[in-house]
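K.L.:
Need a 3D model of the sequence below.
(one chain, ligands or ions: 1)
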Amino acid sequence: MPILTVKTDKKNINIEQGAAIIDVCETEETSILFGCRDGACGACMIRVLENPENLSPMEEHERDFLETMAAREDERLACQCKVLGDVTVEVSE
Ligand code: FES
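P.N.:
Below is the predicted model of the structure:
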């Protein structure tokens, strides 16, 4: 079972392979905040610190939004990410 590490909260969370970060964060209290839940507000922006390949690939909708926000290369929208393997993230500032 993959581990989602949320460095901001010093939490290691066991997560079903393929589960959405947003679903886990509803039961585990983390600092990752969600707004629209649809890749349109940026509230859930995270930085991926380790193993970005273990998140579901970015779709066009997310890529377009991140480009508009001038996001860094290591930033993703947590509401759009599924966990495929061990990954470490933190809340973007
Ligand atoms: S919750 Fe709005 S972009 Fe993720």
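K.L.:
tally of neighbours for Gly18?
P.N.:
When counting by other CB atoms under 10 Å, one arrives at 10 neighbours for Gly18. The way it works is simple: take the backbone N, C-alpha and C, and place the C-beta from them, glycine included.
K.L.:
Distance-wise, check it relative to the ligand.
P.N.:
To the ligand, Gly18 is 19 Å away according to CB to the nearest ligand atom, to the nearest Å.
K.L.:
I'd say that residue and Leu84 touch.
P.N.:
Yes. Counting by CB atoms under 8 Å, Gly18 touches Leu84, with 6.6 Å between them.
K.L.:
Report the contact partners of the spatially most central residue of the chain.
P.N.:
Residue closest to the mean C-alpha point of the chain, counted by CA atoms, centre = their mean, is Ala78 at 2.9 Å. Shown in contact with Ala78 (CB atoms under 8 Å, 6 or more residues apart in numbering): Ile21, Ile22, Cys25, Ile32, Phe34, Cys44, Met45, Ile46, Val89.
K.L.:
Arg76 now?
P.N.:
Applying CB under 8 Å, 6+ apart to Arg76 gives the contacts Met45, Ile46, Val48, Pro52, Leu55, Met58, Glu62, Leu66, Val89.
K.L.:
And the residue nearest to Phe65 when sequence neighbours are not counted, how far from the ligand?
P.N.:
Nearest non-adjacent residue to Phe65, counting by CB to CB, 6 or more residues apart in numbering: Gly39, 5.6 Å away. To the ligand, Gly39 is 5 Å away according to CB to the nearest ligand atom.
K.L.:
ok, which of the contacts of Ala78 also contact the ligand?
P.N.:
Contacts with the ligand within the contacts of Ala78, counted by CB under 6 Å from any ligand atom: Phe34, Cys44.
K.L.:
Show me the contacts of Ala78 that map onto helices.
P.N.:
Those of the contacts of Ala78 mapping onto helices are Ile21, Ile22, Cys25, per DSSP state H.
K.L.:
Specify the local secondary structure of Gly39.
P.N.:
Here Gly39 takes the coil state, with states given by DSSP: H, G, I helix; E, B strand; the rest coil.
K.L.:
What score does it have for pLDDT?
P.N.:
At Gly39, the model reports a pLDDT of 96.
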